[in-house]
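Undergrad: Below is the sequence, then the predicted model.
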Amino acid sequence: MGEPVFELENVCYVYEGGAVALEGVSLRIERGERVAILGANGSGKSTLLKLLDGLYFPSAGEVKGFGLSMPEAAFRDEAFTYDFRRRVGLVFQDPDVQLFLPTVWQEVTFAPLQLGLSQEKVRERSEWALAFLGIGKLRGRAPHRLSLGEKKKVALASVLSLAPEVLLLDEPTANLDPRSASRLVDFIADLGREGKTVVTATHDLDIVEEIADRALVFGEDHRLLAQGQPTSLLADRGLLEQSNLVHEHRHAHAATIHAHPHRHAPFHEHEHPQRGMAGEPEEPAARGPEDLLQLQRLLPLWIEHNREHAAAFREWARKAEALEKEKPGMTRGIAQAAEALDAATQALALALRGGDETDVSHQARPEPG
Ligand SMILES: Nc1ncnc2c1ncn2[C@@H]1O[C@H](COP(=O)(O)OP(=O)(O)OP(=O)(O)O)[C@@H](O)[C@H]1O
Ligand SMILES: [Mg+2]
């Protein structure tokens, strides 16, 4: 057996409110493996990636990373967290959750700068990541104003710039145009040759054989239903139907209608006539109100990020206090600034809602301590 990167032993994950996301999951991922995670909507793929990234912790069972148990307490140790974050990078399914800085360049350089890489190295890697994804011209743009596909590319670039040895990719090709998706697929194939570990959750069954040496199939009961070589799993019609990855799909062909099993993939196995687009407006609606609406949607996410940062700064301040007398003043200042930012974004969100008293930060976690 190869060197383990992740080991899960009988892992369950239940969200607050009782939604079960994973049930009795045991699996092992080895260094240099490329693994695809397959399953219907809600089967637990994204939750699994967040557990592997040490963002969530199992409700029951154990998750190990690089041979070490990784409970929540382990991430309170700075050396452990630093080492783990440098080795493992997650690209979220929803780029809005990942992106929160004012410019694309800041997003792409953030993680490598945080982890203390030299300025020169950070610049070199970030330029490479932007060029690879063909988004160099977006460097000065605000991420929240980009198209969904552009945001996804920025989210990918912000993890690729870190060059982690383990990449966790949640629906990486979703919303990418065909050329960008195909370049990414080639890139994932190359990463395998470089000995990197890549775990990809995807609904795109057409890319699985290229991006993975092994696939894990999750059932709608949130259990690991099957694992094995992509080619043999994808040939198992019963398994694909059981896990809701294929379905009977009706098609009209001239005068006849037939049904056939159909993959949830972006490319149909045969052509459909294009719907006429006549009568649809060609120009997008005015940007102003649209931007405001988007800002309103994004604010709760920013508030959540601000709160996480404020909590982290408070934690650092406590640690610094124990070590030295001078630093707590500095870190407290940063914590206060983060809290002031939280208050300001909340006030802005409230103003945008026209004084509606509903708490827009309903998605935010309760503050610790
Ligand atoms: N923040 C949350 N709070 C409560 N329940 C959640 C939350 N996020 C996910 N869930 C639930 O957990 C289960 C697994 O969700 P998850 O996002 O992991 O599925 P998924 O396989 O990634 O789905 P998709 O294919 O739609 O991306 C679902 O039933 C979902 O409703
Ligand atoms: Mg998901």
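TA: Great, that's in hand. Ligands and ions are numbered 1, 2, ... in the order given.
Undergrad: Helix, strand, or coil at whatever residue of the stretch 51-200 of the chain ends up closest to ligand 1?
TA: Shortest the stretch 51-200 of the chain-to-ligand 1 distance, computed as CB to the nearest ligand atom: residue-wise this is residue 93, at 5.5 Å. (C-beta placed from N, C-alpha, C; glycine too.) Secondary structure state of residue 93, per DSSP: H, G, I helix; E, B strand; the rest coil, is coil.
Undergrad: so who does it touch?
TA: For residue 93, the contact set (CB atoms under 8 Å, 6 or more residues apart in numbering) comprises 46, 170, 171, 174, 201.
Undergrad: where does the stretch 1-150 of the chain dip in pLDDT?
TA: Confidence mapping of the stretch 1-150 of the chain against pLDDT under 70 gives zero matching residues.
Undergrad: now with 80?
TA: Counting by pLDDT under 80, the stretch 1-150 of the chain shows low-confidence ranges at 1.
Undergrad: For the residue of it at minimum distance from ligand 2, give its distance to residue 171.
TA: Here the stretch 1-150 of the chain gets closest to ligand 2 at one residue, residue 46, 3.2 Å apart by CB to the ion. Using CB to CB, to the nearest Å, one obtains 8 Å as the distance from residue 46 to residue 171.
Undergrad: residues shared between the contacts of the two?
TA: Listed contacts common to residue 46 and residue 171 are 93, 201; contacts here mean CB under 8 Å, 6+ apart.
Undergrad: circling back: what is the most widely separated pair among the contacts of residue 93?
TA: Taking CB to CB as the measure, those reach their widest spread between 46 and 174, a distance of 11.7 Å.
Undergrad: Can you tell me, leaving aside adjacent residues, what's nearest to residue 188?
TA: Nearest in space to residue 188, with sequence neighbours left out and distances taken as CB to CB, 6 or more residues apart in numbering, is residue 211 at 4.4 Å.
Undergrad: Can you flag which of the contacts of residue 93 belong to strands?
TA: Among these, the members falling in strands (DSSP state E) are 170, 201.
Undergrad: Start and end of stretch 218-226, how far apart?
TA: 7 Å (CA to CA, to the nearest Å).
Undergrad: Please apply the same query to stretch 206-224.
TA: The first residue of stretch 206-224 is 21 Å away from its last residue (CA to CA).
Undergrad: can you tell me the average pLDDT over it?
TA: Computed over stretch 206-224, the mean pLDDT rounds to 96.
Undergrad: do the same with stretch 333-345
TA: Averaging pLDDT residue by residue across stretch 333-345 gives 82.
Undergrad: Can you show me the CA trace of it as PDB?
TA: Backbone C-alpha positions of stretch 333-345 (Å, rounded to 0.1, in the frame of the first residue of the first chain) are rendered in PDB as follows:
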ATOM      1  CA  GLY A 333      -6.100  46.500  16.900                       C
ATOM      2  CA  ILE A 334      -6.500  44.300  13.900                       C
ATOM      3  CA  ALA A 335      -9.400  42.400  15.700                       C
ATOM      4  CA  GLN A 336     -11.100  45.700  16.400                       C
ATOM      5  CA  ALA A 337     -10.700  46.800  12.800                       C
ATOM      6  CA  ALA A 338     -12.200  43.500  11.600                       C
ATOM      7  CA  GLU A 339     -15.100  43.900  14.000                       C
ATOM      8  CA  ALA A 340     -15.700  47.500  12.900                       C
ATOM      9  CA  LEU A 341     -15.700  46.200   9.300                       C
ATOM     10  CA  ASP A 342     -18.300  43.600  10.300                       C
ATOM     11  CA  ALA A 343     -20.500  46.300  11.800                       C
ATOM     12  CA  ALA A 344     -20.000  48.500   8.700                       C
ATOM     13  CA  THR A 345     -21.000  45.800   6.300                       C
END
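Undergrad: buried ones in that stretch?
TA: Under the neighbour-count criterion of 16 or more other CB atoms under 10 Å, stretch 333-345 has 334, 335, 338, 339, 341, 342, 345 buried.
Undergrad: element containing the closest residue to residue 10 other than its chain neighbours, please.
TA: Using CB to CB, 6+ apart and skipping the chain neighbours, the partner closest in space to residue 10 is residue 61 (4.0 Å). Per DSSP states H and E: residue 61 is located in strand 60-65.
Undergrad: Each with direction, which strands does that strand pair with?
TA: Taking DSSP bridges as the criterion, strand 60-65 forms sheet pairs with strand 4-14 (antiparallel), strand 68-69 (antiparallel).
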